[in-house]
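1. here you go, sequence then predicted model.
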Amino acid sequence: MKLIGSLASPYVRKVRVVLAEKKLDYAYELENVWSPETRIHQSNPLGKVPCLIMEDGSPMFDSRVIAEYLDTLTPVCKLLPPNGRDRADVKVWEALADGVLDAAVLVRLERTLRSKDQQSEAWVERQMAKVAAGLEVMSADLGDSAFCMGTHYTLADVAVGCTLGWLSFRFPDIGWRGDYPNLARLFDKLSERASFRDTVPQQ
């Protein structure tokens, strides 16, 4: 397998963490999707990373799809329950974490790709409200539990950890650690895992 991605994308990081936890071998190809020379469209018509190129050469894209597929390849460190409500609950956690990321990424793009006079503060405020609401729900749902789903490490923790790490990386002014100490405890615990240590976002 080959993973096409970047060192800064939290969606790519999620897949890299899963690959590490599952102890799966893969080649890693860096791609800057914003470069005029990018070739990502040859693999993903949506022009996004991550994109997983499988053994037969066919591409798979969207981090949620890739992560779910990778979990089926080996019983090592099962990250998703086999079926039922527990599985759906993990996927809801993942959707919440990705939704917070989606909103924050839109704010970053608004601020970095558009000139000051073209930026919409109303748009930024709308997206940041989603980030704030998502963090509040994450904290409330986590409560005093060791992990998102209680006592077991799952894909929910991978998704939440990647989201919190990217917010610290790109939005250090958001004081989520002080506002939600239970999320900070979870993130610090996740950060001790080799899969997280080896995938810290970089420029």
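-> Yes, it's here. Numbers count the residues shown, from 1 in each chain.
2. now do the nearest residue to Ala194 once chain neighbours are set aside, the pLDDT please.
-> Spatially, and ignoring its direct neighbours in sequence, Ala194 is nearest to Ala20 (6.7 Å; C-beta to C-beta, 6 or more residues apart in numbering). Glycine gets a C-beta too; all of them are placed from N, C-alpha and C. Looking at Ala20, its pLDDT reads 98.
3. what does Pro59 give?
-> With respect to pLDDT, Pro59 has a value of 98.
4. re the thing from before, so the residue nearest to Ala194 makes contact with Leu79?
-> No: assessed by C-beta atoms under 8 Å, Ala20 is found out of contact with Leu79, at 11.5 Å.
5. neighbour count: these two, which is higher?
-> Taking neighbours as other C-beta atoms under 10 Å, Ala20 and Leu79 compare with Leu79 leading, 23 against 19.
6. would you confirm that the more buried one contacts Val18?
-> Yes: taking C-beta under 8 Å as the definition, Leu79 is a contact partner of Val18 at 6.5 Å.
7. pop out the phi and psi values for Val33.
-> phi -70, psi -10 (degrees, to the nearest 10).
8. what's near enough to touch it?
-> Ser6, Ile40, Gly47, Lys48, Val49 (C-beta atoms under 8 Å, 6 or more residues apart in numbering).
9. for Val200, same thing?
-> Contacts of Val200 were listed using C-beta under 8 Å, 6+ apart, and they are Gly165.
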